Every structure is written in C-alpha cells, then in structure tokens.
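Pasting the sequence and the predicted model now:
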2 protein chains.
Amino acid sequence: MSNKVNISWNECEALITDIFEKAGASRDDAALVADHLTSAEAQGATGHGISRVKSYHAQLVSGKINNSPQVKEHNQGALVELDADCGLAYVAIEKAIALSSEIASQQGACIVSIANSHHAGVLGLYVERLARMGYMALMMANSPAAMAPWGGKKPIFGTNPIAMACPYGEDPLIIDLSLSKVARGKVMRAANEGTDIPEGWGIDANGNHTTDPKAVLEGSMLPAGDMKGAMLALIVEIMTAGLARSHYGFQASSFFHGEGDAPRVAQTLMVFSPSNPTGTFDHIAFLLNEMAKDDGVRIPGQAWREKREAAKRDGINILASDLEVLKSL
Amino acid sequence: MSNKVNISWNECEALITDIFEKAGASRDDAALVADHLTSAEAQGATGHGISRVKSYHAQLVSGKINNSPQVKEHNQGALVELDADCGLAYVAIEKAIALSSEIASQQGACIVSIANSHHAGVLGLYVERLARMGYMALMMANSPAAMAPWGGKKPIFGTNPIAMACPYGEDPLIIDLSLSKVARGKVMRAANEGTDIPEGWGIDANGNHTTDPKAVLEGSMLPAGDMKGAMLALIVEIMTAGLARSHYGFQASSFFHGEGDAPRVAQTLMVFSPSNPTGTFDHIAFLLNEMAKDDGVRIPGQAWREKREAAKRDGINILASDLEVLKSL
C-alpha cells in the first residue's frame, strides 16, 4: 500500500470530469465516464478504473474517440440498433439503458445492439442499474483480439465479457465474467515484471503452450473451458459485432493509445420484464437462497454497493502514479 | 459395429411415431418427436436419440408427461411466456418457433420463455431451423441437477445447454454446447463399465475431486471453465427456470423413468431479425471465413445436414438393443 494515496470520491470524479471536458467531451458525457471509472476503481476493478483515464484522454485528443458523438437510433420495436458514432461507449450505453427499460416495460423485452462503440468498462455496472430498476438484464461486449478460435493460432476474438443481473433483496445478483481463462492484464503484468506464467493461460504465435508471457502476448490467450469457452466467445462476437455489423476483435484497434482509427467494437444489451415481476424475482431469490445454504458458495455482486459506499465515505486508495496522471492532464 | 443394425430413416420415424401415438400422444405430436429423435440419432447425438424412446414412453404411459398438453400463451409483445403444460417439450417449442419468428419479423426480436417443460433434445436442431428461415437464434435450457455452484458440494444446476445458430452460406453456423466439463453420459458409461474417469470431471458428495464415476454420480459434475462455467450455468438457470417461474435443476425430477411428478424444467428461445439481414449475415460470413483460414479451425454445424441426408439415403446404424425396444413397445 506504500505507493497508494487516498483521494475522496468527489475529488476523483471531479478531476476525471475536468480532464475529459478539457479534451472536448461535453460536461455531461465527461461526468458519466468519471462516475463509471471511479465506481470501477472503488470496487477493485482497477483494470477498468483510473488507469484508463490517460488512454481515453489521448484518444479524445487525437480524435480516435469522437468527443461529440451523435448517437443514431434505428428502432424496429423490440430490437433497437444504436450507432455510437465512435464516441465514448458510456454515452451510447446510457441511451441504451433508457430505451431498453422503457420498451421492456411495455413489451416484456428489448434488445439493443450498439455499433461503432469503444471500451465499455465494467458491464456489471450497467446490468446492476437495470436490476435496481426492476429488470433482468444480460449484456455482452466484444473487444480487441486476444483469443484464437479453438484449434487456431491467430487471435480473432476478444476476451468478450458477459454480464447478467437481476433484483435480489437489497442488492442485485450481478454476474460479470470474461471468457479468457485469466485476464489479459495478468499476462501483461508478468511480462512487465519478467516472471513466468502458469501453463494453460496462453499459446505462442505457433499455437504451442508456453509459460513465457511475452510469447502469449504475441500469440493468444486461452479460453476458460477450452473448446466450450472458445465457442462462447464466438457466440458473443456474433451477438455483438455480428449483429451490429461492427468490428470483430481481429479488426478492432487498441483501446490503450491514441493512434489509428476508432476500434468500432460492439455491445449488446438485453432487458427482460416478466409479466409477474414479483413472482419471478421471488422465485429467483428462492434459487439464490438455496445456493447460499452451501457454506462455500458466494452470491456474486452482493458486495458492490458496500464497497462504493465505503469509498464515498472513506475515500479511495489509488496508485500515487495514477493521481499524478489525474493532476497532470 | 457388430451390435449395430441398419434401419431406414422412414421406418425409424414410423416406429417411434406409432409408439408415442399408442402411448396417448396425438399423431402430430408423436411425429414431431420421432423426427427430432431420428435426426439426433442420425447426427450422432445418440444421447438425445433413440435411447430416449423407452423413457419417454414410460412417462407418457404413467402421466409424468402429459400426452394431451394445452400449451398456454401470455404474450407481452416481445416476451412471450408459454406454459408447456407438462407435455413433451417438442410441442411447446414448435409453437415457440412459429411465434418467435413471426414476432421477430415484425419487431426485430422476440424472446419465448417456456415453463413446465420436459427434455428438449438437441437445442441445435431448433436454432438451425430458425437460421434456415433467415434468423439468428439463441436458445438455453435447464435440466435436472448435475452440477454444484462454484465452491459448493450439492448439485443445483443442470448441465444447462446453450445453442446458437445463424445463416451462413448453404448450411448455418450451429453452436451447441453444455456447461459441464464432459457429458454426464460419459460418467454413467464409466460407472456401468466399472472404469475410472479422469480427475477434473467431477467431485464426490463431500466436494472432493475423485476418479470414481459412481462417487461423481452421487456428488457433482464439474463445470467447463471452473468458476466461469458455474456462473454461466447460473445465468442459464435464471434465464430459463427463473424467468419462467419453473423448476430449477435441483427441483426437477428425472427425464429417464416414469415415476414421480413432472420435471417442469424450462427453455428460453431468443430470435433476432436485424434491419439489414443480408448485410448482417454477410458480415458474419466474413468472420467465419476469416476463422476458417486457420487450418485447425472447424466451423461447427456444417456437417449436420450432410449426415441427415446420408441417413435418409443409406439408413441409420442403431444399436440392435434399441431396435428391439422400438419393436417391443
């Protein structure tokens, strides 16, 4: 903890909002992203937290992220196709949440497919909001190539997260997972630190298993659940970039620096409003309560609000180097 | 192959249709199931093929499967809730396919949640039909308890298959997988043959890893992808039985014999019709073609039609013991 410093939630949000506003985003859009990154940091999802500010800033400045996106909408009734216009994903997803919840209220379900989008952060935060509004929600995203199809050597798919939430007592059930065996950030860290990684995390560019993190970064991550995980990553790729006619993982540019064209990745949000919501969510609580009877079982998502409330009260411990970045931009 | 006999597709279908009709199903319903089981057998999915005839028959006779179901429908517009009335799943799913394709044509998407259902067979066969009709389709089912939640000892979830298909040239892409590391049938076979199973397939009733198949059958299968597979199984359980207010895996009775109450499991079918279907399916073909450039990569589902056509031409090699069953019922 020696390289960490404490910053209040409000100061953190204000610093990030100012940075993105100075980089050309509207004050509202900047505040939206600042809230998401601060929440992610507070929950411990640091890979989607403050560490992203510098790279988003570079992309807003270079124009790789459009700082004034005009989100376009094509609404067939139950399937809404949004075009994020190469802006910050958060702006389009905000619109997707508003639209999908309204339509699902009327028709029981709504699917929003978002094209020409960017890094979406923690998918669990979006589905959590919908669960708190009384909906069941499922969300998927694709991301720049990191995993080969099963049997292949060349990365085609991203690590392609899936998140799901539904109301459950005071705090929703929130599931949020990516389809690689481990997060790519762990391999990047090992490469920086010069340490080996366990066998089974990835393959080199020739398709051979390796414990060398640099070889994996030039090769491919391996999916959770081997062939089945690779098939699920393909489902996500099709349900997001396929449906949206947007960039697949192997076409998408990096989320991490300002050079090149926009990544144009995609997200899909599915929202469900059953005819008897009380009965349905009571029935789901019955399942989760049954699971929780087994000592070793943890119901995911239950600690998220608590962590955010603690951070709002006590501040967030962030890397001193991250605070330097926030103050320098 | 010595214990196999050849039977023509038509004879196989006719025998099965007669058996279910004699057991009280309508001729149409019986023919629907006969077609599915024959297709599954012809494709090599023998666990969902002719081996099921005897147990379906026992359940139709005992009333565990309702032989005259009145499928009820509650339609909110984009979410249709069907009640299979404890009949054969095939009957309700047939209605789900008709309804969802019609609604998706008009509104871009439709979700059908099926309650009080039974064993659905090969999910890939349903989504394949929708893909051949020009839709993208995703389907999930829960099944009697076989897997514990992550960290737990008691099976709560089924092996919970997920299937997805979309148009792709002459034959659709069809993905069909279950979320256990291996099929439960493999463990049952090892138990019957008295052989060990590899470590990692399952745990005993105390939650310990074991290579004893009988201990796994009394304990729990392990999910593909460890914790992530267990989380995906929970998503499927909620998206099927949760949404439908139907039986979870741990509540569902066996699909294999006539005793007890109806299993009351659930299926969820999601159908998508993008605004520019040609553009979308061409874009998806671009991804699949890119994948196929890598020698080791196989696009799943491409051989299904071929196998069925071969079986229609040359007959199906089935177990002599299965033919005995077909002729005895």
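Happy to help now that I have it. Numbering: from 1, shown residues only, chains lettered A, B, ... in the order given.

now the helices for the stretch 51-200 of chain A?
Assigned by DSSP state H, counting those that start in this stretch, the helices in the stretch 51-200 of chain A fall at A:53-62, A:89-107, A:123-132, A:184-193.

average pLDDT across the first one?
Read it as helix A:53-62. The average pLDDT within helix A:53-62 is 98.

How about A:P274: what's its closest non-neighbour residue?
A:T280 (4.2 Å; C-beta to C-beta, 6 or more residues apart in numbering or on different chains). In this view, the C-beta of every residue, glycine as well, is placed from N, C-alpha and C.

hang on, the one you found packs against B:M239?
No. At 11.4 Å, A:T280 does not count as touching B:M239 under the criterion of C-beta atoms under 8 Å.

Which pLDDT value belongs to A:D171?
pLDDT at A:D171 comes out at 96.

Kindly report the same for A:S2.
pLDDT at A:S2 comes out at 57.

where does the stretch 1-150 of chain A dip in pLDDT?
Flagging of the stretch 1-150 of chain A using pLDDT under 70 yields the residue ranges A:1-2.

Point out the residues in it that sit beside chain B.
A:74, A:76-81, A:103-104, A:106-111, A:113, A:136, A:138, A:148-150 (C-beta under 8 Å from any C-beta of the partner chain).

So the residue nearest to A:P274, which state does it fall into?
helix (DSSP: H, G, I helix; E, B strand; the rest coil).

Look up how far A:F272 lies from it.
9 Å (C-beta to C-beta, to the nearest Å).

before we move on, the earlier item: so which of the residues of the stretch 1-150 of chain A next to chain B belong to strands?
If you go by DSSP state E, the residues of the stretch 1-150 of chain A next to chain B have A:74, A:79-81, A:109-111, A:113, A:136, A:138 in strands.

Do I have it right that A:D85 meets A:N67?
No. Look at A:D85 against A:N67 with C-beta under 8 Å: they stay out of range, at 10.7 Å.

can you dump the C-alpha coordinates of the host helix or strand of A:E290 into CSV?
According to DSSP states H and E, A:E290 maps onto helix A:277-292. What follows is helix A:277-292, C-alpha atoms only, in CSV (Å, rounded to 0.1, in the frame of the first residue of the first chain):
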residue,chain,number,x,y,z
PRO,A,277,-42.1,-9.5,-11.8
THR,A,278,-42.7,-10.1,-8.0
GLY,A,279,-43.4,-13.7,-8.6
THR,A,280,-40.4,-14.1,-10.9
PHE,A,281,-37.9,-12.3,-8.7
ASP,A,282,-39.1,-14.1,-5.6
HIS,A,283,-38.6,-17.4,-7.5
ILE,A,284,-35.1,-16.4,-8.4
ALA,A,285,-34.4,-15.4,-4.8
PHE,A,286,-35.5,-18.9,-3.8
LEU,A,287,-32.7,-20.3,-6.1
LEU,A,288,-30.1,-18.0,-4.7
ASN,A,289,-31.1,-18.7,-1.1
GLU,A,290,-30.9,-22.4,-1.8
MET,A,291,-27.4,-21.9,-3.2
ALA,A,292,-26.3,-19.8,-0.3
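
Other residues contacting it?
A:134, A:136, A:166-169, A:173, A:274, A:297, A:299, B:149, B:152, B:156, B:234, B:237-238, B:241-243, B:245, B:248, B:250 (C-beta atoms under 8 Å, 6 or more residues apart in numbering or on different chains).

From chain B, how far out is A:A84?
16 Å (C-beta to the nearest C-beta, to the nearest Å).

Enumerate every residue touching that residue.
A:69, A:71, A:91-92, A:114-118.

And the strands in chain A, which stretches?
A:4-7, A:72-75, A:79-83, A:109-117, A:136-141, A:162-166, A:173-177, A:202-203, A:220-221, A:265-272, A:316-319.

what are the pairing partners of the fifth one, and which direction each?
Going back to what we said before, that points to strand A:136-141. strand A:162-166 (antiparallel), strand A:265-272 (antiparallel) (DSSP bridges).

Quick one: the ones you listed as a markdown table, columns for mean neighbour count and mean pLDDT too.
Output for these, formatted as a markdown table (neighbours: other C-beta atoms under 10 Å in any protein chain shown; pLDDT from 0 to 100):
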| stretch | mean neighbour count | mean pLDDT |
| --- | --- | --- |
| strand A:162-166 | 28 | 98 |
| strand A:265-272 | 28 | 98 |
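
and those as JSON lines, adding distance to B:E218?
Putting the strands paired with strand A:136-141 into JSON lines (distance: least, C-beta to C-beta, whole Å) gives the following:
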{"stretch": "strand A:162-166", "distance to B:E218": "31"}
{"stretch": "strand A:265-272", "distance to B:E218": "36"}
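
With respect to A:N10, which of those strands lies nearest?
strand A:162-166 (26.3 Å; C-beta to C-beta).

quick one, the closest one and helix A:277-292 angle?
Using axes from the mean of the first three to the mean of the last three C-alpha atoms, to 10 degrees, the inter-axis angle of strand A:162-166 relative to helix A:277-292 is 110 degrees.

Export only the CA atoms of strand A:162-166, formatted as PDB.
The C-alpha coordinates for strand A:162-166 follow below in PDB (Å, rounded to 0.1, in the frame of the first residue of the first chain):
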ATOM      1  CA  ILE A 162     -20.800 -11.400 -20.400                       C
ATOM      2  CA  ALA A 163     -22.700  -9.900 -17.500                       C
ATOM      3  CA  MET A 164     -26.100 -10.600 -16.000                       C
ATOM      4  CA  ALA A 165     -28.100  -9.100 -13.200                       C
ATOM      5  CA  CYS A 166     -31.500  -9.400 -11.600                       C
END
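
hmm, who's touching it?
The contact list for strand A:162-166, computed with C-beta under 8 Å, 6+ apart, reads A:122-124, A:126-128, A:130-131, A:135-140, A:172-179, A:232, A:236, A:281, A:284, A:301, B:232, B:235, B:238-239, B:242.

Report how many residues lie close to the closest residue to A:D18 other than its chain neighbours.
Spatial nearest neighbour of A:D18, excluding adjacent residues (C-beta to C-beta, 6+ apart): A:A30 at 7.6 Å. Number of residues near A:A30 (other C-beta atoms under 10 Å in any protein chain shown) recorded here: 25.

what's the spacing between A:A30 and A:T38?
For A:A30, the distance to A:T38 - C-beta to C-beta - is 12 Å.

how many other residues sit next to A:G229?
For A:G229, the neighbour count with other C-beta under 10 Å is 26.

Okay, it and A:P223: tell me how far apart.
As defined by C-beta to C-beta, A:G229 lies at a distance of 3 Å from A:P223.

Need the residues touching each of these two.
A:179-181, B:225.

of all those residues, which comes closest to B:A25?
Of all the shared contacts of A:G229 and A:P223, B:A25 sits closest to B:G225, with 38.5 Å by C-beta to C-beta.

hang on, that closest one packs against A:A230?
No. B:G225 lies out of contact with A:A230 (C-beta under 8 Å); the separation is 10.5 Å.

what residues do those two have in common as contacts?
A:P223.

Would you mind giving the contacts of A:A84 as a markdown table with neighbour count and distance to A:R305 added?
Converted to a markdown table, these look like this (neighbours: other C-beta atoms under 10 Å in any protein chain shown; distance: C-beta to C-beta, whole Å):
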| residue | neighbour count | distance to A:R305 |
| --- | --- | --- |
| A:P69 | 22 | 30 |
| A:V71 | 18 | 29 |
| A:V91 | 23 | 24 |
| A:A92 | 28 | 25 |
| A:I114 | 28 | 26 |
| A:A115 | 24 | 32 |
| A:N116 | 25 | 32 |
| A:S117 | 35 | 27 |
| A:H118 | 27 | 27 |
